[in-house]
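Chemist: Got a predicted structure here, sequence first:
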Amino acid sequence: AKLQLQPGQILWDIGAGSGSVGLEASLLLAGGQIFAIEQHPGRIEQIKTNQKKFRVANLQVVPGHAPECLLDLPSPQRVFIGGGGRNLPEIMAEVRTRLAPKGRLVITAALLETLATAIGQLTAWGWPTEVCQVQLSRSRPLRGSLYLQALNPVWIISATAREEPV
C-alpha cells in the first residue's frame, strides 16, 4: 500500500527474498514491469519457482548485488528495498538518481541502524517521509495457558521523490 502502485509502472524490488512483494505487485501493475533483484542463489530459485506457480509474466529476476546490477535496468517509478545491508547508502544513492519525479521509495528495516540510515538520507534529500512501525506477537504455551511473545518490530519507511531532478 505504501508503494501506491499504478498500472504501467516499473517497480524495482531490491532484496526480493522469496519474491512476495513483486508477485503481489504484479496484480496491480498491469502493463508494468517488476524487476526482482536478489543476490542469494537459493532465494533466486525460490522467486523463479513462485513466479511459475503463480503464472506471473511481468516479473524479471535480476541476479546480483545492488547497486551494481541496477545500472542496466530501466528507471523506475516505484522502488521497494527489503534488503540492502551495508550497501543501503549506495543503493539509496542510485535510487535517488534514477527514481522518477514524484516516484515512491519504500524501505523496510528491522535494525535501528538501517532505520537511522534511511531517515538520515531521506531527510538530507528533503524528500517527504513517513515512518510506521509494525510489531507482531505470537501466542506461546505457558503452564497450560497462552501468553503473547513479542517479535522484533519492523519499520516501514516511505518517501516521495522531489519533483526537481537530482
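Modeler: Received the coordinates, thanks. Here the structure is a predicted model, which means the values were calculated and not measured.
Chemist: Do you have the helices of this structure handy? List them.
Modeler: The residue ranges that make up the helices of the chain, judged by DSSP state H, are 20-25, 41-53, 88-98, 112-125.
Chemist: Kindly compare burial across the ones you listed and name the winner.
Modeler: Comparing these by mean neighbour count (mean count of other Cβ atoms under 10 Å), helix 20-25 comes out on top with a mean of 20. For glycine as for every other residue, the C-beta is placed from the backbone atoms N, C-alpha and C.
Chemist: Check the offset of it from the chain's centre.
Modeler: Distance of helix 20-25 from its chain centroid, counting by Cα atoms, centre = their mean, to the nearest Å, is 10 Å.
Chemist: Any idea which of the helices of the chain gets closest to Ile156?
Modeler: Between Ile156 and these, the tightest spacing by Cβ to Cβ is seen for helix 112-125, at 10.1 Å.
Chemist: What's the mean pLDDT across the closest one?
Modeler: Along helix 112-125, the predicted local confidence has a mean pLDDT of 96.
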